[in-house]
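>>> I'll drop the sequence and a predicted model, then ask my questions.
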Amino acid sequence: MDPATPVNVAKGAAIISVVAGTLAALQGLYRGSRHPTQLALSAGTNGGIAGAIFFGIREVVVSPLFHTALLNAGRTQGIPGLVDTPHQPSWSQLRMHHLLDSAASGALTGAIINKWQKGRVLAGARTAGLVCTLLQLGYNELGVMRIKYVTRKIQEPTAPNPLPVPPERPDEVRLSFFDHLLGIIGFRKLSEEEYLKTLKKQRDEALARIAVLERERQERAHAADDSAESKAV
């Protein structure tokens, strides 16, 4: 069994439970019922049980049997479409996905529930099988419509921008959120010209400082030479 099968069964049962409870609550409110919560809980519980039976039968029994039968038929008759190889499904295959599985599982679920409630087994199987088939067909059709919509959106060319973007002025400075935050506390981002002037000023100050240090070094060297000459004399 596929490890994801219990998860799929639980998800399907939970979805049916929520949908059944919601519809029952809405119907109760529409009819003016004083206890819509009890209706929702009862319908949600029954829907969850029916969903667990349906998806359990389909995912554990019916779908594996159908899949194995199709694989065996494909290998025996040499039909490429039935062999378990990767291929692009057609629209008709997408519309028929899980259709037979849902019909058979729905019929078995209806028969089990009607037998449990001491009702007519064949009538319950026929009704549930038809309802599940129609629901699966509608679900598949929604999936096909979604795939077509996404494919059409992907294939559509990107529409040109009807409004031309005005060119930025060279003296306009883009300020980030951090720059605005620094401006609030008293700091301001320098423009390129101001930054260049600051660098030039720092360069001139550094050159002047270097000249002073060089002159002081030369003066110390001359003083050392004079001291050495006086000692030698």
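Nice, I can see it.
>>> what is the neighbour count of residue 52?
18 (other CB atoms under 10 Å). No exception for glycine: its C-beta is placed from N, CA and C like everyone else's.
>>> might you report the residue contacts of it?
9-10, 12-13 (CB atoms under 8 Å, 6 or more residues apart in numbering).
>>> do that again at 10 Å, thanks
Neighbouring residues of residue 52 by CB atoms under 10 Å, 6 or more residues apart in numbering: 9-10, 12-14, 16-17, 109.
>>> element containing the residue positioned nearest the centre of the chain, please.
Centroid check for the chain by CA atoms, centre = their mean gives residue 150 as the closest residue, at 14.7 Å. If you go by DSSP states H and E, residue 150 is part of helix 121-155.
>>> element containing residue 10, please.
helix 5-30.
>>> then residue 93?
Counting by DSSP H and E, residue 93 is found in helix 91-95.
>>> whichever helix or strand comes after that helix: which residues count as buried?
Following helix 91-95 in sequence order, the next helix or strand is helix 99-116 (DSSP H and E). Across helix 99-116, burial judged by 16 or more other CB atoms under 10 Å covers 101-114.
>>> give me the mean pLDDT for helix 99-116.
Helix 99-116 shows a mean pLDDT of 90.
>>> longest helix of the chain?
Counting residues, the longest helix in the chain under DSSP state H turns out to be helix 192-232.
>>> what's the mean pLDDT across it?
77.
>>> that helix: how far from the chain's middle?
66 Å (CA atoms, centre = their mean, to the nearest Å).
>>> which non-adjacent residue is nearest residue 12?
Leaving aside its sequence neighbours, residue 12 sits nearest to residue 55 (CB to CB, 6 or more residues apart in numbering; 3.8 Å).
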